[in-house]
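>>> heads up, no residue letters with this:
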């Protein structure tokens, strides 16, 4: 019984407020409104390198900047945990017409956006919850949080 209680508390939502818990898609919007995806990826790479190498570059970075990006990332992970069970997208890929419409829409959308997923299938783009479910098969919420916290606390 004790182990079950610990498991539930490890996967608890800590950083999201009630509004964000109710509508976790807002967190995703805020994350990507803050900066372009390549900038977020650079920050994660910086954390990894700083944790592994303790570079001089890390000493130049403001602690407030690091905490802010850490919290953005953790909030995104918590929102993804909540969104994994939401039905996002409702196309029938067995229906040729709906599949063709999805392909056309994605092709059009890809031209308009600066950073568009290049490694996702059409089904995954249209039904992002399937990607989130796969993501949380690798680690649960607490596993991703521990990974981020470990890199963050190495500074």
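It's in. Bear in mind the structure is a predicted one, so any value in this text is a computation, not a measurement.

>>> Run through who's touching the helix ranked longest in the chain.
Taking DSSP state H as the criterion, the chain has its longest helix at helix 63-83. Here helix 63-83 makes contact (Cβ atoms under 8 Å, 6 or more residues apart in numbering) with 11, 13-16, 20-21, 24-28, 30-31, 34, 40, 43-44, 47, 128-129, 132, 135-136, 141, 144-145, 148, 152, 155. Where you see a C-beta, it was placed from the backbone N, CA and C, and this is true even at glycine.

>>> so for it, what's the average pLDDT?
For helix 63-83, the per-residue pLDDT values average out at 86.

>>> and the closest residue to residue 140 other than its chain neighbours, what does it touch?
Nearest non-adjacent residue to residue 140, counting by Cβ to Cβ, 6 or more residues apart in numbering: residue 11, 5.6 Å away. Residues in contact with residue 11 (Cβ under 8 Å, 6+ apart) are 81, 140-142.

>>> Highest neighbour count among these?
residue 81 (22 neighbours; other Cβ atoms under 10 Å).

>>> Tell me which stretches of the chain form strands.
With DSSP state E as the criterion, the chain has no strands.

>>> Just the buried residues of the contacts of helix 63-83.
15-16, 20, 24, 27, 31, 40, 43, 47, 128-129, 132, 136, 141, 144-145, 148, 152, 155 (16 or more other Cβ atoms under 10 Å).

>>> ok, back up a step: residues of the longest helix of the chain that come out buried?
Applying 16+ other Cβ under 10 Å to helix 63-83 flags 66, 69-70, 72-83 as buried.

>>> List just the nearest of the residues you listed to residue 119.
When those are ranked by distance to residue 119 (Cβ to Cβ), residue 80 comes first, at 17.0 Å.
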